[in-house]
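In: model this:
(2 chains)
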Amino acid sequence: MSRYEADIEQALTHIRVEGLSKTYRGAQGVVRALDGIDLSIRRGEIFGIIGRSGAGKSSLIRTLNRLEQPSAGQVRIDGVDLGGLDENQLVELRRRVGMIFQHFNLLSAKTVWDNVALPLKVAGKRPAEIERRVAELLQLVDLADKRDVYPAQLSGGQKQRVGIARALVHEPQILLCDEATSALDPESTQAILALLRDINRRLGLTIVLITHEMEVIHEICQRVVVLERGRVVEEGPVWQVFGDPQHEVTRSLLGTRQHDLPEDLVGRIRPQPESERSLFLLDLHFTGASLREPDLLAIGRTLGAQARLLHGGIDRVQGRALGHLLVGVHSREPQAAILERARGLADKVGGLGYVTAA
Amino acid sequence: MSLLLDRLLQGTLDTLLMIGASSAITLLLGIPLALFLVTSTRGGIFEARWANGAIGSVVNVLRSIPFLILMVALIPFTRLIVGTSYGVWAAVVPLTVACIPFFARIAEVSLREVDRGLIEAAQAMGCRRRHIVWHVLLPEARPGIVAGFTITLVSMINASAVAGAIGAGGLGDLAYRYGYQRFDTQVMVTVIVLLVLLVTLIQFGGDRLAHALNKRK
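Out: A predicted model of the protein is given here:
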């Protein structure tokens, strides 16, 4: 990286995490929840942190507003090291960093209005300002008619919208989302994600979210890191991680989004053709790297009239076509020749072997 | 007959006065004590484990002494505070000393049950520790504290009758002198009816209030 690029990177960076570790003294000795994490989160982006349960996601996001004290390493927001803040500065910082939670964490004894007003009240704002700001936010999350209702009477999606209003009431620059949609039904999840995307665009907020659902990352994130046992095992733009996952954990989290080989084919694959009627299986992998889209005409022309689409699918992520197409080619040519011809059809082309048509 | 009525009226007023004064002090001192017990434990927002252990032990000791014995043992202390060991005000001292730890433990349970996530959310929104106590712990535990205070009031009525036996006045005193020492069943039954009425009223009121304060439904 040149000096110039380094300067740009620095200017873009909103949150910088360096060598972050967290160890707990548990019942079975010392547990490493976070183990040397390095991250750069850019201003105004939606940054996803995904991992299986116990990977350290919760600990990581909590170090960003110091609900969790790291054992080693640094978290810097706008260049300021959180480790050096005293209690007053920490309170100030937390008012600039909103947070929403999986179980909403609304105060049951307070109305919607009082829940949203609380952060301003404890900051000693004037009643008139509180009134104006809370009304504004309830408008934003579309709950103006619920201001005098208690949280118990709201649906999950509505509760999370109250949570969002409360988190945004101090006009923070960062919003942390701790599994914010994991307790919601699919419809509410979509609505909350849409709201977060909207907030990100309209207010230019940096959003950091943790989740175990790839769908969430797919819906709204621009960049993602995959966490496993307290370490970053994969990171990059979302299209890249989805298009060409490198780590086994990433693949398992992608789950059904991956168009794995169907069972009936797997059992029948042979390294050599068994008969005249055997098909050569060609895997056309679109990783998104080249921005190319599957060209059906080119596939047909290159592979001949006997090319059959057996399996696969293409997803669009961040405007890029990603996925695998599994094409059966009927040809007596050697594998190498077919692969050579097909090379330009996708970002990655591979031969899987032969199957004999049933 | 009118003398008896007078005595019953006086007894009821004395009991109400005793309960009223003792419960007010219990509420005033019991809640801070409960807050201290909850917030000073390991991982609490005002962690002070040594002090927590010490105060916790004192509470346990006071809780384990039977009221009658506590009352007698406290006589010098009572004299020191109210100047006498006889009458309504003298009963307020042991009643308070016995009920504060009792109530504090019940209130402690309600406070402890406040979801940790709420405290975390409060910290994340920039609440200081006193804000957490005032805006999170107390309001969220309020229905449980009210229910606990009702229980405390009822056992306080119980104890006040015992206090009556050593000359504190009130309904207990009346029942003891007429019912036990003079075998006057009529007075005894009247006192019992009054006590049942009082307890029922308090329990009913407490339940209603706790229900109204519970917004979790």
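In: got any ranges where the chain has weak pLDDT?
Out: Using chain A. Filtered on pLDDT under 70, chain A yields the residue ranges A:1, A:256-259, A:305, A:357-358.
In: let's do chain B instead
Out: Counting by pLDDT under 70, the low-confidence segments of chain B come to B:1.
In: chain A contacts on that one?
Out: B:115, B:117-118, B:120-128, B:131, B:135-136, B:139-140, B:142, B:213, B:215-217 (Cβ under 8 Å from any Cβ of the partner chain). In this view, the C-beta of every residue, glycine as well, is placed from N, C-alpha and C.
In: and if we set it to 6 Å?
Out: Among all residues of chain B, those adjacent to chain A (criterion: Cβ under 6 Å from any Cβ of the partner chain) are B:117-118, B:120-121, B:124-127, B:131, B:139-140, B:215-217.
In: just the ones of the residues you listed in helices?
Out: For the residues of chain B next to chain A, membership in helices holds for B:117-118, B:120-121, B:124, B:131, B:139-140, with DSSP state H as the criterion.
In: ok so, going back, which of the residues of chain B next to chain A has the largest number of neighbours?
Out: Comparing the residues of chain B next to chain A by number of neighbours (other Cβ atoms under 10 Å in any protein chain shown), B:A121 comes first, having 29 neighbours.
In: checking the closest residue to that residue other than its chain neighbours next. Helix, strand or coil?
Out: Closest residue to B:A121 in three dimensions, ignoring its sequence neighbours and counting by Cβ to Cβ, 6 or more residues apart in numbering or on different chains: A:N105, at 3.7 Å. When the structure is reduced to helix, strand and coil (DSSP: H, G, I helix; E, B strand; the rest coil), A:N105 reads as coil.
In: A:N105 contacts B:L118, doesn't it?
Out: Yes: because the distance of 5.4 Å satisfies Cβ atoms under 6 Å, A:N105 is recorded as touching B:L118.
In: quick check: closest non-adjacent residue to the residue nearest the centre of chain A.
Out: For chain A, the residue sitting closest to the mean C-alpha position, by Cα atoms, centre = their mean, is A:I217 at 2.8 Å. Beyond its immediate neighbours in the sequence, the residue positioned closest to A:I217 (Cβ to Cβ, 6+ apart) is A:G48, lying 4.3 Å away.
In: in which helix or strand does the one you found reside?
Out: For A:G48, the element it lies in under DSSP states H and E is strand A:46-51.
In: how far off centre is stretch A:172-180?
Out: Relative to the chain's own centre, stretch A:172-180 is displaced by 13 Å; criterion: Cα atoms, centre = their mean, to the nearest Å.
In: whoops, stretch B:188-203 was the one
Out: Put simply, stretch B:188-203 sits 18 Å off its chain's centre (Cα atoms, centre = their mean).
In: can you check stretch B:88-108 too?
Out: Put simply, stretch B:88-108 sits 5 Å off its chain's centre (Cα atoms, centre = their mean).
In: going by neighbour count, list what's buried in the longest helix anywhere in chain B.
Out: As far as residue count goes, and with DSSP H defining each element, the longest helix of chain B is helix B:2-39. Of the residues in helix B:2-39, those with enough neighbours to count as buried (16 or more other Cβ atoms under 10 Å in any protein chain shown) are B:7-8, B:11-12, B:14-19, B:21-23, B:25-27, B:29-31, B:33-39.
In: beyond that helix, next helix or strand please.
Out: Following the chain from helix B:2-39 toward its C-terminal end, the next helix or strand by DSSP H and E is helix B:49-64.
In: what is the helix or strand following that next one packed up against?
Out: The element immediately downstream of helix B:49-64 (helix or strand, assigned by DSSP H and E) is helix B:67-73. On a contact count with 3 or more Cβ pairs under 6 Å, 6 or more residues apart in numbering or on different chains; DSSP states H and E, helix B:67-73 meets helix B:88-112, helix B:138-163.
In: the following helix or strand past helix B:67-73 - contacts with which helices or strands?
Out: Following the chain from helix B:67-73 toward its C-terminal end, the next helix or strand by DSSP H and E is helix B:75-82. If contacts are counted by 3+ Cβ pairs under 6 Å, 6+ apart, helix B:75-82 sits against helix B:88-112.
In: contact partners of the helix it packs on?
Out: By Cβ atoms under 6 Å, 6 or more residues apart in numbering or on different chains, the surrounding residues in contact with helix B:88-112 are B:14, B:17-18, B:21-22, B:25-26, B:29-30, B:33-34, B:37-38, B:59, B:62-63, B:67, B:70-71, B:74, B:78, B:81-82, B:84, B:137, B:141, B:144-145, B:148, B:152, B:156, B:159, B:163, B:168-169.
In: just to revisit the earlier point, tell me which of the helices and strands packed on helix B:67-73 lies nearest to A:G313.
Out: Across the helices and strands packed on helix B:67-73, the minimum distance to A:G313, taken as Cβ to Cβ, is reached by helix B:138-163, at 48.7 Å.
In: tell me how far the very next helix or strand once past that closest one is from the chain's mean position?
Out: Using DSSP H and E, the helix or strand that directly follows helix B:138-163 along the chain is helix B:170-174. When distances are taken as Cα atoms, centre = their mean, helix B:170-174 is centred 19 Å away from the chain's centroid.
In: which other residues reach helix B:170-174?
Out: Helix B:170-174 is touched from outside by B:11, B:14-15, B:18, B:160-161, B:164, B:191, B:194, with contacts defined as Cβ under 6 Å, 6+ apart.
In: helices along the stretch 51-200 of chain A, start to end?
Out: Defined through DSSP state H, counting those that start in this stretch, the helices belonging to the stretch 51-200 of chain A, from first to last, are A:57-63, A:87-96, A:112-122, A:127-140, A:156-168, A:186-203.
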